[in-house]
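Undergrad: Any chance you could fold what I've pasted below:
(chains A and B)
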Amino acid sequence: QKEVEQNSGPLSVPEGAIASLNCTYSDRGSQSFFWYRQYSGKSPELIMFIYSNGDKEDGRFTAQLNKASQYVSLLIRDSQPSDSATYLCAVTGQNTDKLIFGTGTRLQVFP
Amino acid sequence: DTAVSQTPKYLVTQMGNDKSIKCEQNLGHDTMYWYKQDSKKFLKIMFSYNNKELIINETVPNRFSPKSPDKAHLNLHINSLELGDSAVYFCASSAANRGENEQYFGPGTRLTVT
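TA: Down below sits the predicted model:
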């Protein structure tokens, strides 16, 4: 079982729709959860982080964490073609800052 | 005013050579990391340093040796380069000592070994 699992996609959504990206993790002691966006040929860019159960909103992005079910999701409202990228889920274990990454979900937003 | 910077951006070299990649951050962070992203785009941690002290050392061949002259710099030296070392290497930093685990990445160094 992979430590952090994501559907590789591509996830295709029309412009203006909500894109929903999901991630599950295996370490029940995981404490910190991150979403990074990576454009082709570029470095990962931190877009959201969440540490507590529930929702966290920042602009068009909402991160959702459910520790009991061991999943974290990212919602992108009003998706734009510029949101087309690979989204990486990353998780830290208990008492460590070591990030474990998923393999990423490729998002395509078409006009 | 780049937050995390790396040099060089591209590195093409032959098998058996020794090369170094440099990383600097001006965010005032205390912890720095090296990651490797392979051809399948999987990103995996290699090392982390906190205030010049090695904290994380994943199962990386000992041909890879990180060095941190101060908490703003973390360099990666690679001896006897092999074809399988071809990848993109990212440096990152965080303020882990302050409980801020958010990591910020540099632009990456694309290493090609021929």
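Undergrad: Tell me the predicted confidence for the spatially most central residue of chain B.
TA: Computing the C-alpha centroid of chain B and ranking residues by Cα atoms, centre = their mean puts B:Trp34 first, at 3.0 Å. We have a pLDDT of 96 for B:Trp34.
Undergrad: That one and A:Val13, how far apart?
TA: When distances are taken as Cβ to Cβ, to the nearest Å, B:Trp34 and A:Val13 turn out to be 34 Å apart. Placement of C-beta: from N, CA and C, glycine included.
Undergrad: least trustworthy helix or strand in chain B by mean pLDDT?
TA: Here the helix or strand of chain B ranked lowest by mean pLDDT, DSSP states H and E is strand B:53-57, holding a mean of 84.
Undergrad: Residue numbers of chain A in contact with chain B?
TA: Where chain A comes near chain B, counting by Cβ under 8 Å from any Cβ of the partner chain, the residues are A:32, A:34, A:36, A:38, A:42-46, A:49, A:86, A:88, A:92, A:96-101, A:103-104.
Undergrad: go again using 10 Å as the cut-off
TA: Applying Cβ under 10 Å from any Cβ of the partner chain, one finds that chain A approaches chain B through A:8, A:31-34, A:36, A:38, A:40-46, A:48-49, A:51, A:86, A:88, A:90, A:92, A:96-104, A:106.
Undergrad: Can you name the residues that contact A:Ser84?
TA: Contacts here follow Cβ atoms under 10 Å, 6 or more residues apart in numbering or on different chains; on that basis A:Ser84 touches A:10, A:12-13, A:19, A:37, A:39-40, A:106-110.
Undergrad: burial count for A:Leu11?
TA: Taking other Cβ atoms under 10 Å in any protein chain shown as the neighbour definition, A:Leu11 ends up with a count of 17.
Undergrad: Please verify my assumption that it contacts A:Ala85.
TA: No. At 11.1 Å, A:Leu11 does not count as touching A:Ala85 under the criterion of Cβ atoms under 10 Å.
Undergrad: Find the residues that touch each one of those two.
TA: When contacts are counted by Cβ under 10 Å, 6+ apart, the set common to A:Leu11 and A:Ala85 consists of A:105-109.
Undergrad: Chain B: which of those residues is nearest?
TA: Checking the shared contacts of A:Leu11 and A:Ala85 against chain B with Cβ to the nearest Cβ, the nearest one is A:Arg106 at 9.4 Å.
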